[in-house]
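J.: Sequence first, predicted coordinates after that:
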Amino acid sequence: MDPNLIRQIVEAALLAAPQPLTLAQLAGLFPEDEAPPQGSLQQAIDELREACEGRGVELVEVASGYRFQVKAEVHAWVARLWTERQAKYTRATLETLALIAYRQPITRGEIEQIRGVAVNTNTIKQLEEREWIRVVGHRDVPGKPALFGTTKAFLDYFGLKSLDELPPLAELKDIPELEPQLPFDTITPAGVAGAAMADDTPSNDEAGEEDAAPEQMQ
Amino acid sequence: MDPNLIRQIVEAALLAAPQPLTLAQLAGLFPEDEAPPQGSLQQAIDELREACEGRGVELVEVASGYRFQVKAEVHAWVARLWTERQAKYTRATLETLALIAYRQPITRGEIEQIRGVAVNTNTIKQLEEREWIRVVGHRDVPGKPALFGTTKAFLDYFGLKSLDELPPLAELKDIPELEPQLPFDTITPAGVAGAAMADDTPSNDEAGEEDAAPEQMQ
Amino acid sequence: MSEANAPEAGRPAFPVPPQQQEMPLAVVKGQPVLQMPQDLYIPPDALEVFLEAFEGPLDLLLYLIRRQNLDILDIPVAEITRQYVDYIGVMQEMRFELAAEYLVMAAILAEIKSRMLLPRPPAEEGQEADPRAELVRRLQEYERFKKAAEDIDQLDRLDRDTSLASAHVPDRSVARVPPEVDLREMLLALREVLKRAELYSHHAIRREALSVRQRMGDVLSRLSDQQFHAFETLFTPEEGRLGVVVTFLSILELAKEQLIEIVQEAPLAPIYVKSLAAAAGEEGETALPEPTSDGAEAPND
């Protein structure tokens, strides 16, 4: 029997089988009257193993037989086949990101001042790990707080050529609300908005003013 | 990024994934800031496909992406890994499937009309369970019968990229002047023939229109 | 017309018409049985198998036509009708559940036959008047899909002709991917926070375009080595006038926010710029590249 054919059969069988295969199991693929010559299966295995040089998989022997497996070098990429989306960013994270985008360079303290609540360290770290924000310097005040700015990766992600392409604040009021299925946190948008209004001044009117003001920004 | 590495990643991913992978899915394996150069994935695919020469597996493109599969030449041996795996499909199933594939969207009633026989509910159920067909809508006639179409899984299973690749449907021969079996008289008992034709012709027309349909299927 | 009545219950199944010269189609127990019924050449034992193989009346009709090598376009209705009805008779004899479709087809055949016997409508009615036309069309249509089904069956398919190739993945741990963010989500968040902060009603509104804000960060980064930089080196003439203006505005803004200092020893002397914002490294060193600046940077560091 042609050694090339034997090698092809062995390769195909190892790749088709869900489990490792022993030499005996491989031999069982051939009809009795066409049994592969003595040693030819082992030779096929050896050849296949060598042929894996420079490829993304390797042929290894484990306790229950031979199998092809993904090489460790490329595992990092392949592992992304089984990815898990992290939970959506919280409202706090999005607000922080937005403030850094629109007010950079800005310190954490300044963000807290505007938001009216403390900014969690994890929030900053999360955005830094994503490489959307970076420290562009430190403000020269006691404690030398870091000044944050957005990165090119941030612009790339949102498909912007420059920050200019972010809508001016004046246009924020025109942004349609998101689908109810996409709330920022676990709280419904309506609930949040309502609570916010209640907390922060009796200011429906002010909101109107606010919306008008940013036109100066351009 | 090194093209060799890209090729290894693509190979490993295709062998690791339980489903065929599209170029977009392959691109998704790379971090945003280390995206493979334009065209490099396709090139990797092409190289991998060529490298299958003389091997027991081949790289093919099917409807839902690229996959490695056992070559037909060696499958007979490989198939011995499984004793009872080859499902056979009855003519009823295959004819129903063929009608849905070539004439989709199509209702069960329309299938029955062409086949001249009732379609067993189990036949439809079996095809649905295999995920080869699905309901794509309902015809707006009394009873709102379900319209069936084929799925990507159907194309994948039969190794097809698109419905285009189905074997072409045989041409309908024009019905010429039929040879008179008996000499006809020229006198008319119009009542009988007229009534019969009135019943038959509408479906005739429909058949003619439907012939054009498969071209639009893609 | 008697054939059309054949399937009705209780009728003798085989009128036994004249013999045809055909090859036997079935071999039962090693014997080609040609006896009963003679015109069909199918023995009872084999009949069951045969009938199960038919996918309905059209299929049976096609079979009868093909078996006699007849052109589908030129069905001898009388002969075919007779055979067809014989078949139904046999089916009944075998106590087969007679599907309604077979009986309907028998009726259709009988009708065609009777109409063939009748005088034809006038010529201007056209060729449509041939009563066989509709049947031929249906047969043709069915045959196409019968063939298509066979073609599909011939395709290389998984499990039978090929199998998926897969390799073991030693570590199936799940990679965690950061969530997707819709730009609108961020903007809505901003809207909320700005409402809360009453930002608009205060001083905080900035006139500058966002590109100035972006450039401020860029300039600070350029200056992060804590060295003095020649003013003009901060500009990129290739950016054109707008880019230069943006850089200039950003430098002014940075100066206003006391994030940089600008030094000029004398009128028309070179201008130097230095970051007052300590770099991430926080060396805090203030080496001057030039001997020029002395007291200018007093208030900081």
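T.: Right, received. Where do you want to start? Residues are numbered from 1 along each chain as shown, chains lettered A, B, ... in the order given.
J.: Going by C-alpha atoms from here, please, whenever you check contacts or count neighbours.
T.: Fine.
J.: Chain A: strands as residue ranges?
T.: A:57-62, A:65-70, A:83-85, A:106-107, A:133-138, A:146-150 (DSSP state E).
J.: Pull the residues that contact the second one.
T.: When contacts are taken as Cα atoms under 8 Å, 6 or more residues apart in numbering or on different chains, the neighbours of strand A:65-70 outside the stretch itself are A:14-15, A:19-23, A:56-61, B:12, B:15-16, C:167-170.
J.: Sort out for me which of the residues you listed are in helices.
T.: A:14, A:15, A:23, B:12, B:15, B:16 (DSSP state H).
J.: What distance do you get for the last one to residue C:169?
T.: Right, the one you point to is residue B:16. Applying Cα to Cα, to the nearest Å, the value for residue B:16 to residue C:169 is 6 Å.
J.: More neighbours: which of these two?
T.: residue B:16 (24 against 21; other Cα atoms under 10 Å in any protein chain shown).
J.: who's in contact with that one?
T.: With contact taken as Cα under 8 Å, 6+ apart, residue B:16 is in contact with A:70, A:78, C:166, C:167, C:168, C:169.
J.: Most neighbours of all the residues you listed, which one?
T.: Neighbour counts for those (other Cα under 10 Å) peak at residue A:78, which has 30 neighbours.
J.: what's that residue in contact with, if anything?
T.: Counting by Cα under 8 Å, 6+ apart, residue A:78 touches B:9, B:12, B:13, B:16, B:29.
J.: can you pull the contacts of the third one?
T.: Same thing as residue B:13. Applying Cα under 8 Å, 6+ apart, one finds that residue B:13 lies in contact with A:77, A:78, A:81, B:26.
J.: In helices, which of these fall?
T.: Secondary structure from DSSP H places A:77, A:78, B:26 of the contacts of residue B:13 in helices.
J.: Make TSV out of these and add distance to residue B:124 and pLDDT.
T.: Conversion of those to TSV gives the following (distance: Cα to Cα, whole Å; pLDDT from 0 to 100):
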residue	distance to residue B:124	pLDDT
A:77	41	91
A:78	38	91
B:26	35	95
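J.: By mean pLDDT, point me to the weakest helix or strand of chain C.
T.: Counting by mean pLDDT, DSSP states H and E, chain C has its least confident helix or strand at helix C:2-5, which shows a mean of 40.
J.: care to break chain A down by domain?
T.: When chain A is parsed with automatic domain parsing, its domains come out as A:3-81, A:91-216.
J.: hey, least reliable of those by pLDDT?
T.: Of all those, the minimum mean pLDDT falls on domain A:91-216 (a mean of 71).
J.: Which strands or helices does the helix or strand hosting residue C:240 pack on?
T.: Element membership of residue C:240 [criterion: DSSP states H and E] is helix C:240-256. Taking 3 or more Cα pairs under 8 Å, 6 or more residues apart in numbering or on different chains; DSSP states H and E as contact, the helices and strands that helix C:240-256 lies on are helix C:210-222, strand C:260-264.
J.: relative to helix C:210-222, how tilted is the shortest one?
T.: Meaning strand C:260-264. For the pair strand C:260-264 and helix C:210-222, the angle between their directions (axes from the mean of the first three to the mean of the last three Cα atoms, to 10 degrees) equals 80 degrees.
J.: Can you tell me the strand partners of the helix or strand that comes right after strand C:260-264 and which way each runs?
T.: Proceeding N to C from strand C:260-264, the next assigned helix or strand is strand C:271-275, under DSSP H and E. As defined by DSSP bridges, the strand partners of strand C:271-275 come to strand C:229-230 (antiparallel), strand C:260-264 (antiparallel).
J.: What residues does the most centrally placed residue in chain A make contact with?
T.: Computing the C-alpha centroid of chain A and ranking residues by Cα atoms, centre = their mean puts residue A:85 first, at 6.9 Å. Contacts of residue A:85 were listed using Cα under 8 Å, 6+ apart, and they are C:176, C:177, C:178, C:179.
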